[in-house]
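Student: Sharing a model prediction with you, sequence too.
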Amino acid sequence: MKVLTLNFLTCAVKACKSSSASFPLHPKDCELVSDTIKPDPRLIHNILPRVDWSALSTTALELGFPALPEQPPTKEQLEEDEKMMGELHTLLLETQISEGKLVCGNCGHEYAVKEGIANFLLPNHLV
């Protein structure tokens, strides 16, 4: 599961639907793997407006990546700063969670990640 995917996932427990603490899911005991993908600046430029920057910053810190700036970089800033472009490319597109858990900040439910796939099936008492 790519780190980018975490930016679009929230807890599936019904009681968490109205809580802002259920997003983002927090990685726990994760094993990270890295794929080598050819950099495509246009893709990063198109992804950034759709990303919740605050959630991405939280996830990056929890996974041990360097702190991101407080505000997302503009297209012009990325064109000038190749290092930032490379770091975002690595974080968003090349880094994957292969094993571990995703934990809801609201209810504490843990979703297992095995072989890069998160299991979002809930036990009956949480549906």
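Tutor: Looks like it arrived, so ask away. Numbering: from 1, shown residues only.
Student: contacting residues around the residue nearest to D35 when sequence neighbours are not counted?
Tutor: Sequence neighbours aside, E94 is the residue nearest to D35 in space, at 5.3 Å (criterion: Cβ to Cβ, 6 or more residues apart in numbering). For glycine as for every other residue, the C-beta is placed from the backbone atoms N, C-alpha and C. When contacts are counted by Cβ atoms under 8 Å, 6 or more residues apart in numbering, E94 touches S34, D35, T36, I37.
Student: so S57 sits right up against P66, yeah?
Tutor: No. The criterion here is Cβ atoms under 8 Å, and S57 misses it with P66 at 10.5 Å.
Student: ok, the two, which is more surrounded?
Tutor: Neighbours per residue, other Cβ atoms under 10 Å: of S57 and P66, the larger number sits with S57, 17 against 8.
Student: List the residues that contact the more buried one.
Tutor: When contacts are counted by Cβ under 8 Å, 6+ apart, S57 touches A67, L68, E70.
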